[in-house]
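Engineer: When you get a sec, could you give me coordinates for this:
(chains A and B)
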Amino acid sequence: MKVLVVTSGVPFIRGGAEILADNLCQALSAAGHAAELISIPFKHYPPSRIPDHILACRLLDLTETCGVRIDRVIGLKFPAYLIPHPNKVIWLLHQHRTAYELWNQPIAEDLIHYPDGPAVREAIRQADRELIPEAKAVYAQCQNVANRLRRYSGIDAEPLYSPPAHVGLFYNRTAGDYFFFPSRVTGVKRQSLVIEALARCRERTLVRFAGEPDSPRELAACVEAIRQLKVEDRVEWLGLVSEERKRDLYANCLGVIFPPVDEDYGYVTLEAMLSSKPVITCSDSGGPLEFVVDGQTGLVADSTPESLARAMDALWAGRRGAAAMGEAGWARYADLKISWEHVVETLL
Amino acid sequence: MKINWFSPLPPARSGIAQNFAIQLLPTLARHHEIVLWTDQDQTAPEVQSMARVVHYAPADPPWREINNGTISIYHLGNQADLHGGIWQMSLRQPGIVVLHDLRMHDFFFMFWVHYRKDRDSYLAALERWYGGEGRRAGEAFCRGGISPESMAQEFPLTREATRGALGVVTHSNPALAGLKETPECPVTVLEHPFAAAEESRYRQWLAARSAAPRPPYRLVVFGYLSRNRRLEVVLEALAGIPARQQFRLDVCGQLWDEGHIRAQIERLGLGSLVKLLGFLPESLVEQKLSTADLAINLRYPSMGEASGSQLQFWNYGLPTLVTRTGWYASLPEDAVAFVRPDNEIEDIQSHLRVFLADPGAFRAMGERGRQSLENNDPEKYVDAMTQFAAMALRRSPLVPALALAGRIGNDLSAWLHPAASAYLLDRASQEIVTIWPGKTGGQDE
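Structural biologist: Residues are numbered from 1 along each chain as shown, chains lettered A, B, ... in the order given. Below you'll find the predicted structure:
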């Protein structure tokens, strides 16, 4: 089959969604299909640009190429998933979140600060309501995203989990004396919450952060918080690390901290499980809660510095229990039977 | 709903602030969460007890807090000092515009030319809606060659006031029907809200009025007394009847030109019969209206407004003389006495003679007016406003969709030959309609 995977992306920003799109194309190719990725550049501000992008997507014709039919289009991200095609399926990574659950979430909101924000929000919502049902089938990358689609748009979707990249290469080593927090440095990932928690830990915990900041401003805010809370000697900023180095950091850590705000899915959780490491997450973190069972495969804290600090102290002081949770996480991942073969078979 | 309410508020000297807002807000606040947005320097404590009052600067409003509301409701009238900021907000964020005046030319002239010293923007507004003819008329008006009344009639700028609105509310069906232009969005007509006083209190007023020695009979002119309130005509009429000594006229309210009126009173020899009392504090309003015998509530030309003052007169069971024009022309024939615009002095004098002959007939007229206030129950108003707001909100996605259509048209015209742009325009417009089909489902659509 000729398959086009369509997504959208912000130039020079790379995260889980971009990795997933690449991996999907590779999986389609591995299954013997001709697959190609089309990424629509997306600029989400000012709000009036967003309807422009929606219309731009709607005006694209992906029905055939050089007289040859394109058999299937797989839509991933807003607004690319609105590109019309008679054999389109949507595998929803997420909708435009600031028009939905992040509308008035202080660390992520943007539309709400513009005079035309409410009208554009409604325009986005209406476009989703009207056009997502055009697809022959709608899947969501996890239950959390499916739940939001039902709540806000009244559309049902089946969760379809995918494995992280290089799934067979993760491994486990003896736990070292640090927690690992790999993510883009940005408000919704809540690095700042972890820094505040560090200052409240009773144990001499250490956190290694890996990942690039979305903007210099985001990084500067974290650095300033570290300075003010005087936890410089308990934080390491590693920046962007290679995949090999990342797996090494997973393998040698005591546990993984991943407390984002209502994360869609969160490969970090799965990578930690593949590395047999317990995950500390928060009760409002969304996707990770589909995998982290409190007290069994990790710890679920409230999203306060105090609660998060208690969870960090508990793992730090109970290393044997931490290791057992990590093993339980690995076993749970195996039980879920998450594979690209299943994803490809479902989407085609 | 969480409603952003943009309106003049007491102590601002405006009927919308002193009458409309005070009448409606207690009921509205019982049904919805209300935020009262104001750019006034001060607001009365009584308002602050009704709902949360938040100050904003029109040039830099706190959008985050405003956008946390469900809908914004903007109250517009012709007082540019009170409504300028509100109009600016209504342009920047579409909401429901409540037109307290349908003819808004005076507002735009005062807003742009008087306060902003920006004649070009005033003329541009006229040109936007009336082409070259509007611009030329505006230029002539600025030179003093056309009267304000004529400009308001011919170039009301109603659509400028409602530009981009999701919906428009007026309080005057006949005035809306008589307007040459109508807004481009759904419009609904609601009865001006008024919370009538308790029946027992009303009976006390009637008893006090009956007990007072008569003559002289007390006439009252009341409210915000601009030129179209016809005070000069009222004075002429009073001076012209032989039995004028049987009347006393109290003029209560802010005059557009007090010196001119004082000079006229002196010229007509009415100094002993007419008192200019100025703007009355609320405590004196009851005393004045409960002891009056006849109210004179003329408008000509009408700006299309409903009259909160008229409802207040009826609340006291006061018979009233009104002009047979605009909203007033729709009032029940047996609840007011009409004055024809082209026979004002003759009609006023005739009514005053009939009044002297049969005061009881006029008192009955006032009582019927009082009974008609049932139609103005604020609960009914809030219910109808809520339904209309819900319908208008469903139009919200159309605002960015129409802006997008406009941008496409402008962009294509800049680089594509008209013959070649037809296909693209057709494709784009079809898609825009597919994405945002404009389902509102409202009965007023």
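Engineer: where's A:E130, which helix or strand?
Structural biologist: Here A:E130 sits within helix A:117-131, counting by DSSP states H and E.
Engineer: now check that helix, is it near chain B?
Structural biologist: Yes. Counting by Cβ under 8 Å from any Cβ of the partner chain, chain B has neighbours in helix A:117-131: A:117-120, A:122-123, A:125-127, A:130-131. Glycine gets a C-beta too; all of them are placed from N, C-alpha and C.
Engineer: List the contacts of that helix.
Structural biologist: By Cβ atoms under 8 Å, 6 or more residues apart in numbering or on different chains, the surrounding residues in contact with helix A:117-131 are A:47-48, A:50-51, A:54, A:58, A:78-79, A:82, A:95-96, A:98-100, A:103, A:111, A:114, A:152-155, B:63, B:67, B:93-94, B:393, B:396-397, B:399-401, B:434-437.
Engineer: Narrow these to those that are buried.
Structural biologist: The neighbour count (16 or more other Cβ atoms under 10 Å in any protein chain shown) marks A:47-48, A:50-51, A:54, A:58, A:78-79, A:82, A:95-96, A:98-100, A:103, A:111, A:114, A:153, A:155, B:63, B:67, B:93-94, B:393, B:396-397, B:399-401, B:435-436 as buried among the contacts of helix A:117-131.
Engineer: Neighbours of B:E431, how many?
Structural biologist: 17 (other Cβ atoms under 10 Å in any protein chain shown).
Engineer: which secondary structure element contains it?
Structural biologist: helix B:418-435.
Engineer: Show me what that helix packs onto, helices and strands only.
Structural biologist: helix A:49-58, helix A:117-131, helix B:398-415 (3 or more Cβ pairs under 8 Å, 6 or more residues apart in numbering or on different chains; DSSP states H and E).
Engineer: Check which residues of stretch B:204-216 are buried.
Structural biologist: B:205-206, B:209.
Engineer: for stretch B:14-32, same thing?
Structural biologist: B:14-25, B:27-29, B:32.
Engineer: Show me what residue of the stretch 201-348 of chain A gets nearest to chain B.
Structural biologist: A:V261 (17.4 Å; Cβ to the nearest Cβ).
Engineer: from memory that residue sits against A:A108, does it?
Structural biologist: Yes. If you go by Cβ atoms under 8 Å, A:V261 and A:A108 touch, sitting 6.5 Å apart.
Engineer: Quick check: neighbours shared by the two?
Structural biologist: Common neighbours of A:V261 and A:A108 (Cβ under 8 Å, 6+ apart) are A:102, A:187-188.
Engineer: just to revisit the earlier point, if we only consider the buried residues of stretch B:14-32, which is nearest to chain A?
Structural biologist: For these, the nearest to chain A is B:H32 (16.8 Å; Cβ to the nearest Cβ).
Engineer: if I look at that closest one, how far off is B:N68?
Structural biologist: 14 Å (Cβ to Cβ, to the nearest Å).
Engineer: now B:V220
Structural biologist: 45 Å.
Engineer: More neighbours: which of the two?
Structural biologist: Counted by other Cβ under 10 Å, B:V220 and B:N68 do not tie: B:V220 has more neighbours, with 25 against 15.
Engineer: tell me which element the more buried one is part of?
Structural biologist: Judged by DSSP H and E, B:V220 forms part of strand B:217-222.
Engineer: which helices and strands does that strand pack with?
Structural biologist: helix B:231-239, strand B:247-252, helix B:282-291, strand B:294-297, helix B:308-315.
Engineer: Ok, which of the ones you listed comes nearest chain A?
Structural biologist: helix B:308-315 (30.7 Å).
Engineer: List the residues that contact the most centrally placed residue in chain B.
Structural biologist: Centroid-nearest residue in chain B: B:H100, 2.4 Å away (criterion: Cα atoms, centre = their mean). B:H100 sits next to B:15-16, B:20, B:75-77, B:171, B:305-306 when contact means Cβ under 8 Å, 6+ apart.
Engineer: Please repeat the previous calculation with a cut-off of 10 Å.
Structural biologist: B:7-8, B:14-16, B:20, B:75-79, B:83, B:169-172, B:192, B:303-306, B:308 (Cβ atoms under 10 Å, 6 or more residues apart in numbering or on different chains).
Engineer: Same question for B:D347.
Structural biologist: Counted by Cβ under 10 Å, 6+ apart, B:D347 has contacts B:233, B:237, B:298, B:321, B:323-324, B:337-341.
Engineer: Need the buried ones from those residues selected in ChimeraX.
Structural biologist: Selection command for ChimeraX covering only the buried members of the contacts of B:D347, criterion 16+ other Cβ under 10 Å:
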select /B:233,237,298,321,323,324,337,338,339,341
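Engineer: model confidence over the top helix by length along chain A, on average?
Structural biologist: For chain A, the helix that runs over the most residues, judged by DSSP state H, is helix A:319-336. Across helix A:319-336, pLDDT averages out at 96.
Engineer: domains of the chain?
Structural biologist: You didn't pick a chain, so chain A it is. A:2-160, A:167-336 (automatic domain parsing).
Engineer: oops, I was thinking of chain B
Structural biologist: B:2-104+B:156-193+B:385-393, B:199-376, B:398-435.
Engineer: residues in contact with the residue of chain A positioned farthest from its centre?
Structural biologist: Here chain A reaches farthest from its C-alpha mean at A:G67, the gap being 37.2 Å by Cα atoms, centre = their mean. By Cβ under 10 Å, 6+ apart, the contact list for A:G67 is empty.
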